[in-house]
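> Quick one: sequence and predicted model below, then my questions.
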Amino acid sequence: MLSFQAGRVIGYAALGALAAASVQGLGWLTVQSAALRPVWSLLHVAATVLGLVLLFSGRQPLWLQAGARSVWAWVRKVGAGGVLAAPLGLGVVWSLLPCGLLYSALLLASLSGEPLSGAATMALFALGTSLTMMAGPWLWLRWGLSRMGDGTWGIRMAGAALAVASGWALWMGLVHNKAPWCATG
């Protein structure tokens with residue numbers, strides 16, 4: 001667990017440094033964002049559909065499960081089969097997962113003005129969130145909740161959360177931007 005958390009700190013710090021170093025690109029992106037809005041909307045539609053599939057089936061689609069296994073196999077291979085290398089690599093890759101809280105922290109890191117400050121901001125974010133990521137499973141096992149079935153209810157809850165969050169983001173974009181991908185005159 002500690003190796004995984006160290007990997008998260010490394011990955012998040014690298015993202016923070018990148019965000020702080022590339023804040024000038026943000027200005028260019030906002031000018032070009034009208035072209036990206038349909039892609040953004042389709043991403044939310046796809047995430048909503050995936051959430052509904054998880055909610056109603058109670059299991060991950062085969063393509064998603066196979067993808068996760070191939071990422072894990074790649075991390076283990078890169079780590080040369082070392083006991084600590086695979087969790088460390090997985091922690092680094094973890095920083096690439098989509099997460100609203102992570103993106104909010106990255107925005108803060110991008111405002112820090114220099115890569116070292118951005119890296120420090122994100123490293124502190126990773127350390128703070130690692131406390132809950134370590135306490136949660138420990139409590140889960142300590143209270144004996146791991147014997148509550150095959151885990152389908154957890155997949156269903158994650159699917160519901162994904163569908164609601166993505167549907168909400170899509171709805172807010174449509175209601176407040178009035179079809180944001182259309183050109184207005």
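That came through, no problem.
> Which parts of the chain are helices?
2-21, 23-57, 62-78, 85-94, 100-110, 115-142, 152-177 (DSSP state H).
> Kindly reformat those helices as a markdown table containing mean pLDDT and mean neighbour count.
For the C-beta atoms, the positions are set from N, CA and C on the backbone; glycine is no exception. Below are those laid out as a markdown table (pLDDT from 0 to 100; neighbours: other CB atoms under 10 Å):
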| stretch | mean pLDDT | mean neighbour count |
| --- | --- | --- |
| helix 2-21 | 90 | 21 |
| helix 23-57 | 73 | 14 |
| helix 62-78 | 73 | 12 |
| helix 85-94 | 80 | 20 |
| helix 100-110 | 76 | 16 |
| helix 115-142 | 85 | 16 |
| helix 152-177 | 78 | 15 |
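> How about the contacts made by L96?
Residues in contact with L96 (CB atoms under 8 Å, 6 or more residues apart in numbering) are G11.
> how much space between L64 and S57?
According to CB to CB, to the nearest Å, L64 stands 11 Å off from S57.
> Can you list phi and psi of S22 for me?
The phi/psi pair for S22 (degrees, to the nearest 10) reads phi -110, psi 20.
> Which residue is the nearest non-sequential neighbour of it?
S110 (7.5 Å; CB to CB, 6 or more residues apart in numbering).
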